[in-house]
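> Here is the input, now give the coordinates:
(chains A, B, C and D)
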2 protein chains.
Amino acid sequence: MPDSLRQFKAEIFQALGHPTRIAIVDELRDGALTVGALADRLSAEQSNISQHLAILRARQIVIPRKVANQVYYSVRDPQMWKILDLMRKYFEKQVGESMTMLEEAKEKV
Amino acid sequence: MPDSLRQFKAEIFQALGHPTRIAIVDELRDGALTVGALADRLSAEQSNISQHLAILRARQIVIPRKVANQVYYSVRDPQMWKILDLMRKYFEKQVGESMTMLEEAKEKV
DNA sequence: GGGAAATATGCGAATCTTCGCATATACTAA
DNA sequence: TTAGTATATGCGAAGATTCGCATATTTCCC
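Below you'll find the model as predicted:
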């Protein structure tokens, strides 16, 4: 794999490597939202959300659309959902396996 | 989405958010490798690779198998490849769109 | 047991991240 | 223009990451 691809992947992963940013991307599933709306929904400081959006924007994960006074953010590429959904499946599988291991351990007592 | 899932996703993404760790996971596609082999292939310090492996291990992305003197690492869940592959597709689509935009910009000159 | 090889860990320096607060900027409406 | 709302940015402190080097630990072999 070329270095450039690794670098790109790492940057995207890193951008997604924060709970608040995951939450932002998730909130945008049903369509664009303003910064204020995001801050409300996530109970976070406006400046904090704005900073996280700046990171997502820099990686082109999210794009701004200015309407009058406000800025609507939306996820640029719907494929991003697929990545999150795949990660959810991964999570469920991991949890399932952990449960199985716990059950097996219990039986051994 | 529950907070726990967000937290989990963020932790996995963050673990993948470094070029060296992407490279490690990629090198393991064809099977387990020892720490030394990884350090060789990636031209990195042994301790550095070991530290990155510790991070991947903590997130259960990678599992160690001790054989005599050495430790073979392998990726725990093959679904991890799917996530990386999806990210590659995402990359290719993004690059494609950037190229298109460049072309369009060129035509306007 | 003693020495060598493979891996993990401790440490400190440099860098990066994250947050809240204050403030700048952009736009609206009167 | 002035006041008000929405968003972005600057700043500094606290904490996290990353790296190389030195060293501890484990295992092997003689």
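
> need the helices for chain A, in chain order.
A:3-15, A:19-27, A:35-41, A:46-58, A:79-108 (DSSP state H).

> quick one: is stretch A:71-79 near DNA strand D?
Yes - counting by C-beta under 7 Å from any atom of the strand, DNA strand D is contacted by stretch A:71-79 at residue A:71. Using the backbone N, CA and C atoms, a C-beta is placed for each residue, glycine as well.

> Close to chain B: what parts of chain A are there?
Within chain A, the positions adjacent to chain B are A:1, A:3, A:5-19, A:21-23, A:26, A:60, A:77, A:79-80, A:82-84, A:86-91, A:93-94 by C-beta under 8 Å from any C-beta of the partner chain.

> Sort out which of those residues are buried, if you could.
Neighbour counting over the residues of chain A next to chain B (16 or more other C-beta atoms under 10 Å in any protein chain shown) leaves A:5-6, A:8-19, A:21-23, A:26, A:77, A:80, A:83-84, A:86-87, A:90, A:94 as the buried ones.

> any weak-confidence spans in chain A?
In the predicted model of chain A, residues A:101-102, A:104-109 satisfy pLDDT under 70.

> Go again with 80.
Judged by pLDDT under 80, chain A has its weakly predicted residues at A:1-3, A:96-109.

> tell me the centre residue of it?
For chain A, the residue nearest the mean C-alpha position is residue A:22 (2.4 Å; C-alpha atoms, centre = their mean).

> who's in contact with it?
When contacts are counted by C-beta atoms under 8 Å, 6 or more residues apart in numbering or on different chains, residue A:22 touches A:16, A:84, B:6, B:9-10, B:13.

> One more pass at 10 Å, please.
A:16, A:84, A:87, B:1, B:5-10, B:13 (C-beta atoms under 10 Å, 6 or more residues apart in numbering or on different chains).
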